[in-house]
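*Asks:* what's the 3D shape of this:
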Amino acid sequence: MAEQVWPLRLTVAPYVFLACVTAVTVLIKRDRLGSLAVDLVLCALIGLWMLGMFTLRPAKRTDHRWIGVFIAGFVLLLAVLVVRDPWFGFLTPAGYFYTFILLPWPIELVGVGAVAVLAGYAQSYAIPKTDAIGLLVTAAVIGVNVVGMCLASWLGRRSDVLSRQRQEAVDALTETNRRLEDTLAENAVLHGQLLTQAREAGVIDERQRMAREIHDTLAQGLTGIVAQLQAAETAEDWRRYVTNAIGLARESLTEARRSVHALRPQPLQSATLGDAIADVVRRWSALHGVDVQLTTTGSPRVLTPETESTLLRATQEALANVAKYAQATRVGVTLSYMEKKVAVDVRDDGAGFDPAGTRPSSEVGGYGLVAMRQRVEALNGTLEIESEPGFGTAISATVPLTGAGA
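*Replies:* I've put the predicted structure just below:
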């Protein structure tokens, strides 16, 4: 039991009970001085025993062996007093206080039972014990005291166990709540970091998108314009080349505006992918004077806007590279609709190059291949490049079908 009950129940109440029964003894035995003297000596002994063994020794109150000796002596002296005079049974509450509070379980039951025997004996003091009925009644009174007080002891101990379990559960719940708060705080920090990373990733993705769009629109358009103007410098029919350059400038400006607003390429606004690629091939062939053969295999089907834009841009980039570097005389473009994917292949008979030596540099056109690969792989597709110096180049962009197209 908690230590705060010691000052009253253990250090004050026993002396009050002892003083009361001593006063009663003096009143009852004032005419029997010899017996009174013996009782007073016994009362003094039990009082000194409580004072010397418990009250004046606070450091010993948690020593179970010391407490066991103290309670055994107290019960023994109390037994002598009860046998002499039954009213000393009023001192048994002090014995209950000591045994209930100080003794550990299950030794507590022994101490409580011993005090209960004295209380029952005092209560049955007036019952004749010369016959069997008297002895049975005395035993019954003592038994009721022992069973009742031991049951009270067990219930009290059970209550202490339940209280301790509840406290442990509260402590565990408090610790769980504290850990949950810590986890929530960590999650808040991680959430903030994820938001920051998401914003950074979004910025990077947008930069890459704008870089690809600028390359596919402004860069290719400016390259074509420069090529047409250079041709106009030495051609007699220079007006045709200037007209082509103006047309390229207007187309590039329109596509640049559409790219800024993330709109679909102009050729796909009112045409299917096959028609858009055919238009790109026709205009490219007329502009550069190179024969292009377009072939479509499989059954055309509806594709997602992202798939169509990616394949169209891949075709434009491949043809732009042919115009800039290949010096080809023939080009073949194949659009293939397969069961679970669609592909665009661009082949030429030009100078070729070493794919392993290509670097992502705008100086050598490498960024165009990087942008093309980024577009295709963003849709879980693949980009394959086969080339060898002097033997032409083949570029194949394959994208899996999704949604209605699949």
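*Asks:* Where does A394 sit: helix, strand or coil?
*Replies:* Secondary structure, DSSP: H, G, I helix; E, B strand; the rest coil: A394 is strand.
*Asks:* Quick check: it touching D349?
*Replies:* No. A394 is beyond contact range of D349, at 10.4 Å (criterion: C-beta atoms under 8 Å). C-beta: built from backbone N, CA, C; applies to glycine.
*Asks:* didn't E388 look like it was pressed against A351?
*Replies:* No. Using C-beta under 8 Å, E388 makes no contact with A351, being 10.1 Å away.
*Asks:* before we move on, back to that, can you work out which residues contact both of A394 and D349?
*Replies:* Shared contacts of A394 and D349, defined by C-beta atoms under 8 Å, 6 or more residues apart in numbering, are absent.
*Asks:* If you count surrounding residues, which of E388 and A351 has more?
*Replies:* Using other C-beta atoms under 10 Å, the more surrounded residue of E388 and A351 is A351, with 15 against 11.
*Asks:* Check which helix or strand the closest residue to P389 other than its chain neighbours maps to.
*Replies:* Among residues not flanking P389 along the chain, G352 sits closest, at 4.9 Å (C-beta to C-beta, 6 or more residues apart in numbering). For G352, there is no helix or strand it lies in under DSSP states H and E.
*Asks:* Could I get the full set of helices for this protein?
*Replies:* Ranges of helices within the chain are 13-28, 33-50, 64-84, 92-102, 107-123, 132-214, 220-234, 238-260, 273-288, 305-321, 366-378, based on DSSP state H.
*Asks:* which one of those lies closest to E339?
*Replies:* Of all the helices of the chain, it is helix 305-321 that lies closest to E339, at 15.1 Å by C-beta to C-beta.
*Asks:* quick one: buried residues of stretch 312-325?
*Replies:* Neighbour-count burial for stretch 312-325, with 16 or more other C-beta atoms under 10 Å as criterion, is recorded at 312-323, 325.
*Asks:* Kindly apply the preceding question to stretch 396-403 instead.
*Replies:* Across stretch 396-403, burial judged by 16+ other C-beta under 10 Å covers S396, A397, T398, V399, L401.
*Asks:* which residues does the fourth one form a beta bridge with?
*Replies:* Note on V399: beta-bridge partners V342, judged by DSSP bridges.
*Asks:* what's the spacing between it and G381?
*Replies:* 4 Å (C-beta to C-beta, to the nearest Å).
*Asks:* Pull up the overlap in contacts between these two.
*Replies:* Common neighbours of V399 and G381, using C-beta under 8 Å, 6+ apart, are T310, K341.
*Asks:* picking that back up, can you add mean pLDDT and give the helices of the chain back as a markdown table?
*Replies:* Listed next are the helices of the chain as a markdown table, based on pLDDT from 0 to 100:
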| stretch | mean pLDDT |
| --- | --- |
| helix 13-28 | 90 |
| helix 33-50 | 91 |
| helix 64-84 | 91 |
| helix 92-102 | 86 |
| helix 107-123 | 88 |
| helix 132-214 | 84 |
| helix 220-234 | 76 |
| helix 238-260 | 73 |
| helix 273-288 | 88 |
| helix 305-321 | 88 |
| helix 366-378 | 80 |
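*Asks:* closest to D345 out of those helices?
*Replies:* Across the helices of the chain, closest to D345 is helix 305-321 (C-beta to C-beta), at 8.9 Å.
*Asks:* name the helices or strands packed onto the closest one?
*Replies:* helix 220-234, helix 273-288, strand 330-337, strand 341-348, helix 366-378, strand 393-400 (3 or more C-beta pairs under 8 Å, 6 or more residues apart in numbering; DSSP states H and E).
*Asks:* Now do it: distance to the chain's middle.
*Replies:* 44 Å (C-alpha atoms, centre = their mean, to the nearest Å).
*Asks:* That helix versus strand 330-337: what angle between them?
*Replies:* Angle of helix 305-321 versus strand 330-337, following axes from the mean of the first three to the mean of the last three C-alpha atoms, to 10 degrees, is 170 degrees.
*Asks:* got the angle between helix 305-321 and helix 366-378?
*Replies:* Between helix 305-321 and helix 366-378, the angle comes out at 160 degrees (the same axes, to 10 degrees).
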